[in-house]
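In: What would the 3D arrangement of this be:
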Amino acid sequence: MTQSRLKPDLERQSNQETEEFEPSQLELESAKRASGQFVSHWKRMMSSDRPTTRRFAEKVRVPEEEKAGVSFRDVSATIGLIARQSSYFLSRFRKLPCFGFSTGDMPLCSAQEFFGSKKLGDKIINGSNKDEFNGNYLGDTEQRFLKQDNHPMMVDMEEGEEYLRDGLTRFLAHRVGGYPRGALLIGETTTSRILDRCQLSGTNIVMPGDIKNGLMMVRVKCKSSGLRVHSSPAYFLNFGYFGDPSTPDVDGWLLPGRYVFATDGPSPPDYLPDNAVFLIPSQYNPHVKKF
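Out: I've put the predicted structure just below:
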C-alpha cells in the first residue's frame with residue numbers, strides 16, 4: 001500500500017487528536033475505587049513474613065472491573081509482579097525505586113529497569129541460586145549502580161504507595177472512559193471504531209485509534225528506522241514488546257491507558273526510554289524525541 005493512499009486518512013486522524021480526551025468525574029471516581037482495590041491487593045501480597053511465589057502469581061480481580069464494563073486483565077496480571085519486585089527492594093534498601101516525568105507521573109520500576117539489564121533483573125528476582133545473588137556479587141552490583149548519578153529516585157513505602165495509587169488512578173481513568181461513548185464491549189470486542197473500508201475493500205486497512213478486540217491501534221513516530229519499540233504502563237516501568245521495525249513509524253495495539261515508550265539500548269541499559277507519557281486515548285500518533 002502506498003503512502004499517497006494513506007495520507008488523507010492520516011491527516012484526518014491527526015485532526016482527531018486535537019480533541020484532548022478528559023475522563024469524566026464519574027470515570028475518575030470509578031478509577032480511584034479500582035486503584036484502591038489493586039493497591040490493597042499489592043500490600044496484602046507483601047504482608048506475609050515469607051511471601052511465596054505462588055502468592056505473587058495470584059490473579060487479582062476487583063469488583064469495579066465488572067461495574068466499569070471494561071477489562072483490567074493487564075493490571076491484574078501486573079499487581080503480583082509489582083508486589084514481588086517491591087518486596088525485593090524493601091528487603092534490600094527499605095525503599096522503592098521510581099522515575100519522575102514532567103506530567104507528574106511517578107511510576108515504580110522493576111529490577112530490570114533499576115539495573116538497566118533485563119538479564120540481571122531476572123536473575124536477582126528469579127535466580128535459582130539465591131545464595132549467589134544475596135551475597136557479595138549482588139551487594140557489589142547494587143552499590144556500583146547506586147553510585148551512579150542516574151539511578152531512579154528511592155522513596156519510602158508510604159510515598160511509593162501514594163505514587164502507585166495515583167498512577168493507577170490516572171491509568172484506569174483512561175481505561176474506563178477511553179472507549180467511544182456508548183460503545184458496548186462484549187467479550188472485549190467492539191466494531192464501533194473499525195472503519196467500514198476494511199470490509200468493503202477486502203484489505204486489512206487500520207488506522208490509529210481503530211479498535212479491534214478491545215485494543216486500540218497506536219502508531220509511534222520515531223526519529224530513526226529499523227528500531228524495535230517497547231511500551232510500559234505509566235504506573236510501573238517494566239517494558240514489553242510493542243512492535244518493529246520502525247519505518248520510522250511503527251504500529252501496535254494497546255488497551256486504553258497512559259504509556260511510556262522505549263527502544264533497544266546498549267547493553268546495559270537494555271532499553272532507551274523516551275521521557276514522555278502518552279495518553280491512549282487520544283494520542284494515537286505519539287512522537288518520541290529520544291529515538
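In: Flag the shaky bits of the chain, pLDDT-wise.
Out: Under the criterion of pLDDT under 70, the regions of the chain flagged as low confidence span 1-19, 48-54, 127-151, 181-205.
In: again, 80 this time
Out: In the predicted model of the chain, residues 1-19, 48-59, 120, 123-152, 180-206, 213, 267-268 satisfy pLDDT under 80.
In: Kindly report the domain assignment for it.
Out: 3-19+188-280, 25-177 (automatic domain parsing).
In: do you know which of the ones you listed lies nearest residue 291?
Out: When the domains of the chain are compared for distance to residue 291 using C-beta to C-beta, the nearest one is domain 3-19+188-280, at 4.3 Å. Every C-beta, even on glycine, is put in place using the N, C-alpha and C of the backbone.
In: Hmm, residue 277 and residue 258 touching each other?
Out: Yes - look at residue 258 against residue 277 with C-beta atoms under 8 Å: they come within range, at 5.4 Å.
In: Quick check: neighbours shared by the two?
Out: 105, 234 (C-beta atoms under 8 Å, 6 or more residues apart in numbering).
In: And the top helix by length along the chain, what's buried?
Out: Under DSSP state H, the helix in the chain containing the largest number of residues is helix 25-47. Buried positions in helix 25-47, judged by neighbour count with 16 or more other C-beta atoms under 10 Å: 27-28, 30-35, 37-39, 41-42, 45-46.
In: Summarise which helices and strands it is packed against.
Out: With contacts taken as 3 or more C-beta pairs under 8 Å, 6 or more residues apart in numbering; DSSP states H and E, helix 25-47 sits against helix 63-68, helix 73-93, helix 157-177.
In: quick one: buried residues of stretch 76-86?
Out: The neighbour-count check on stretch 76-86 (16+ other C-beta under 10 Å) flags 76, 78, 79, 80, 82, 83, 84, 85, 86 as buried.
In: Show me how far that stretch is from its chain's centre.
Out: 13 Å (C-alpha atoms, centre = their mean, to the nearest Å).
In: Same question for stretch 268-283.
Out: On the basis of C-alpha atoms, centre = their mean, stretch 268-283 sits 9 Å off its chain's mean C-alpha point.
In: likewise stretch 279-290?
Out: 13 Å.
In: distance between the ends of it?
Out: Using C-alpha to C-alpha, to the nearest Å, the end-to-end distance of stretch 279-290 comes to 18 Å.
In: circling back to that earlier point, out of the helices and strands packed on helix 25-47, deepest packed?
Out: Between the helices and strands packed on helix 25-47, helix 157-177 has the highest mean count of neighbours, a mean of 22, where neighbours are mean count of other C-beta atoms under 10 Å.
In: just the angle between that one and helix 73-93, please?
Out: Inter-element angle recorded for helix 157-177 and helix 73-93: 170 degrees (by axes from the mean of the first three to the mean of the last three C-alpha atoms, to 10 degrees).
In: angle of helix 157-177 against helix 25-47?
Out: Using the same axes, to 10 degrees, helix 157-177 lies at 140 degrees relative to helix 25-47.
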